[in-house]
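Enquirer: Sequence isn't available, so here's the structure alone:
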């Protein structure tokens with residue numbers, strides 16, 4: 001009777017609000033649905049307090065499980081975060097620290113290291129590990145871990161070569177596809193359709209359904225009537241509330257509701273672990289990341305603080321909020337633990353959140369790290385590295401450290417100052433030095449690629 005009730009509520013779009021027992025077959029690991037938004041800011045989710053962006057289905061998922069207030073992407077840009085999810089490794093360890101293919105900036109004072117172009121086949125991905133456990137594996141949407149955008153099925157470094165059986169590959173649309181707007185230019189509906197078909201086709205076995213949306217990446221565009229709905233909404237004039245983005249996110253959220261309903265219809269709502277998060281923050285010049293500073297391509301909080309909600313019926317605490325700092329590659333270890341797959345052969349770059357999801361017990365981790373040795377055309381960020389330890393975050397500025405152009409480090413108390421407005425480095429030099437030393441030791445331990453000073457071209461001697 002309980003299963004029938006769960007299925008009924010799931011069909012009505014309410015499944016995640018209902019507490020449920022764990023899987024009845026203890027030998028079968030949970031199904032996994034992993035939903036990744038593209039460039040969705042922390043403040044664009046209703047469960048993080050937005051009254052402008054409407055995300056009712058994502059919010060129900062968050063209310064049913066655990067939402068993380070201090071969740072971070074592994075990088076301020078897309079490809080490194082996706083690589084961290086697939087491998088459980090810091091992007092710095094992978095030497096994949098910028099979007100692929102990245103860019104060399106000839107006119108800048110520091111030289112960007114030549115990074116890895118694509119996720120190497122030698123890496124044992126999350127999909128490969130789950131496939132070995134008997135999972136059906138499907139990717140629906142964006143990959144961005146091959147050497148270029150020209151997807152070819154089964155080509156090395158495209159998703160079929162990295163453990164995915166079923167693939168529907170998309171990428172962000174061209175501007176011509178959204179201006180004038182074409183229906184579903186970002187493929188949110190078709191991505192959802194394909195994912196639902198995969199769920200139904202594999203209901204008899206465990207599955208890993210990776211739903212990687214193109215929303216809310218530029219170019220921006222949606223149906224005019226839906227955009228107009230948000231233009232008329234109170235608060236539409238605020239810099240963090242962007243009507244066209246809200247319309248795009250509503251379409252994606254509707255797809256999340258359809259996925260949840262499909263799980264209920266298939267009788268899988270009780271036995272499925274669901275994750276929702278984003279690959280990095282939104283673009284600062286286009287959408288303010290209030291209460292945070294900065295945006296995509298920066299290591300300010302606005303570039304790396306992201307929405308995260310996890311729900312596994314019968315396992316995760318219900319209606320819980322966690323302030324533990326967590327990072328993308330923790331999700332790799334969490335999903336392996338949920339599937340009862342050993343990860344002892346991986347570097348300890350992340351930790352499983354499973355015990356924390358069940359009990360709320362502290363993770364007991366000392367720090368998490370970032371390394372972004374790149375310039376980027378977005379935002380105001382200079383190349384930097386960062387460490388968060390407890391309530392404190394330190395940034396080391398590469399131009400300051402190597403060229404004495406500006407400060408070498410900045411220190412912030414994120415509890416008192418989430419907007420990173422008050423630099424404490426001068427007031428707390430001992431703490432700043434301690435955190436900087438930890439950051440440097442971490443970079444050395446993962447073999448991080450470092451920037452170098454650009455040598456001036458020799459002058460031609462006068463005749």
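Expert: Nice, thanks for sending it over. The model shown is predicted, which means the values in this text are computed figures rather than measured ones.
Enquirer: Average pLDDT for stretch 124-144, rounded please.
Expert: Averaged across stretch 124-144, the pLDDT comes to 97.
Enquirer: buried sites along that stretch?
Expert: Using 16 or more other CB atoms under 10 Å as the test for burial, stretch 124-144 gives 124-131, 135-144. C-beta: built from backbone N, CA, C; applies to glycine.
Enquirer: quick one, helices of the chain?
Expert: Along the chain, counting by DSSP state H, helices occupy 2-11, 56-64, 78-87, 91-94, 126-132, 188-201, 224-231, 243-265, 301-304, 328-338, 354-359, 398-403, 429-446.
Enquirer: if we look at the fifth one, which residues are touching it?
Expert: Taking contacts as CB atoms under 8 Å, 6 or more residues apart in numbering, the residues outside helix 126-132 that touch it are 32, 85-88, 137, 139, 159, 162-165, 206, 208, 210, 332, 335-336, 339, 341.
Enquirer: Could you count how many residues lie near the residue nearest to residue 222 when sequence neighbours are not counted?
Expert: If the residues on either side of it in the chain are set aside, residue 222 comes closest to residue 247, at 3.7 Å by CB to CB, 6 or more residues apart in numbering. Summarising burial for residue 247: neighbours were counted as other CB atoms under 10 Å, giving 25.
Enquirer: Residue 247 against residue 232, yeah?
Expert: No: between residue 247 and residue 232 there is no contact under CB atoms under 8 Å: 11.9 Å.
Enquirer: tally of neighbours for residue 153?
Expert: The number of residues packed around residue 153, counting by other CB under 10 Å, is 10.
Enquirer: Just list the residues touching it, thanks.
Expert: Under the criterion of CB under 8 Å, 6+ apart, the contact partners of residue 153 comprise 160, 167.
Enquirer: just residue 204 next, same as before
Expert: Counting by CB under 8 Å, 6+ apart, there are no residues that residue 204 touches.
Enquirer: Find me the pLDDT at it, would you?
Expert: Confidence score, pLDDT, at residue 204: 96.
Enquirer: swap in residue 287?
Expert: pLDDT recorded at residue 287 is 97.
Enquirer: dump the residue contacts of it.
Expert: Applying CB under 8 Å, 6+ apart, we find residue 287 in contact with 41, 44, 239, 240, 242, 245, 295.
Enquirer: same thing with residue 140?
Expert: 167, 168, 191, 192, 194, 195, 198, 209, 210, 211, 212.
Enquirer: So what pairs up with it in the strands?
Expert: Applying DSSP bridges to residue 140 yields these beta-bridge partners: residue 168, residue 211.
Enquirer: Over to residue 275?
Expert: In this structure, residue 275 has beta-bridge partners residue 34, residue 310, where bridges are defined by DSSP bridges.
Enquirer: Contact partners for it?
Expert: When contacts are counted by CB under 8 Å, 6+ apart, residue 275 is found next to 32, 33, 34, 35, 308, 309, 310, 331, 335.
Enquirer: Can you give me the distance of the fifth one to residue 201?
Expert: When you say that, I think you mean residue 308. Distance of residue 308 to residue 201, given as CB to CB, to the nearest Å: 28 Å.
Enquirer: who's more crowded, these two?
Expert: Between residue 308 and residue 201, counted using other CB under 10 Å, the more crowded position is residue 308 (29 against 13).
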